[in-house]
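A.B. asks: The following comprises the amino acid sequence and a computationally predicted model.
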Amino acid sequence: MGTFLWCITTVLAFTFSLTVNACPPSDLAALLAFKSALHEPYLGIFNSWTGNDCCNKWYGVTCDPTTKRVADIALRGESEDPIFQKAKRTGYMTGSISPAICNLDRLANIVIADWKGISGIVPSCVTSLKFLRHLDLTGNQISGQLPADIGKLSQLTVLNLADNKITGSIPRSMGNLTSLMHLDLRNNMVSGSGEHGSVWL
């Protein structure tokens, strides 16, 4: 009987350990909603996004080792990763960036770049991601205006939205991005007001 109880206790402890070390259900749900808004037909980028632990070998997803919260999404359509080498092509993805990404409230880095076919807008809720340091959406078909309160991202160091179809004026709040070290809005239809009048980028 003692051996049986020991076995049961060991199994329960192991199961509990797996549960504790997995990403939380809220992060899992947010990633799956993010995935459902995108379509990648050639490379199988999302084939690894299965199971209940998004911290375990999900392509392009990195979690904080202590909190197990999703910290980084890094999906590049142009990469030297073996998945691209094997397919002998660059990436192509359609769809849009779901606002569900904003439920990943511990995100520090978002890179969804060079997919050529991703459209829609920059979700305005990204300005609620107070830990965000790096936002790179270059090389897509993203349109609409920049979120008006983008200046709330006080830790943002990199903002790269080049080669999209973003319109409108540069938000005044961008002046509040005091940590910003790299800004690239090239090849959009964004206007800004400077000492020499309007500037188009």
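C.D. replies: Good, I have the coordinates. Residues are numbered from 1 along each chain as shown.
A.B. asks: Quick check: Leu28 is in a helix.
C.D. replies: Yes. Counting by DSSP: H, G, I helix; E, B strand; the rest coil, Leu28 is located in a helix.
A.B. asks: who touches Lys35 in this structure?
C.D. replies: The neighbours of Lys35, taking CB atoms under 8 Å, 6 or more residues apart in numbering as the test, are Phe46, Trp49. Every C-beta, even on glycine, is put in place using the N, C-alpha and C of the backbone.
A.B. asks: how near is it to Gly144?
C.D. replies: Computed with CB to CB, to the nearest Å, the distance linking Lys35 and Gly144 is 22 Å.
A.B. asks: How about Asn187?
C.D. replies: 16 Å.
A.B. asks: Helix, strand or coil: sort out the residue nearest the centre of the chain for me.
C.D. replies: The residue lying closest to the centre of the chain (CA atoms, centre = their mean) is Ile110, at 3.4 Å. The three-state label given to Ile110 by three-state DSSP is strand.
A.B. asks: Run through the residues that contact it.
C.D. replies: Shown in contact with Ile110 (CB under 8 Å, 6+ apart): Asp72, Ile73, Ile101, Val126, Leu129, Leu132, His134, Leu135, Asp136, Leu137.
A.B. asks: Which secondary structure element is home to the second one?
C.D. replies: Counting by DSSP states H and E, the secondary-structure element that holds Ile73 is strand 70-76.
A.B. asks: which residues make contact with the helix or strand just after that strand from outside it?
C.D. replies: Remark: after strand 70-76, the chain's next helix or strand is helix 82-87, criterion DSSP H and E. Contacting residues not belonging to helix 82-87 are listed as Tyr42, Leu43, Gly44, Ile45, Tyr59, Glu78, Thr90, Gly91 [CB under 8 Å, 6+ apart].
A.B. asks: The same query, at a cut-off of 10 Å, please.
C.D. replies: With contact meaning CB atoms under 10 Å, 6 or more residues apart in numbering, helix 82-87 is reached by 42-45, 47-48, 59, 76-79, 90-91.
A.B. asks: Got a ChimeraX select line for the buried ones in those residues?
C.D. replies: To isolate the buried ones among these in ChimeraX, judged by 16 or more other CB atoms under 10 Å, type:
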select :43,45,76,77,79,90,91
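A.B. asks: Closest one of the contacts of helix 82-87 to Leu180?
C.D. replies: Arg76 (21.4 Å; CB to CB).
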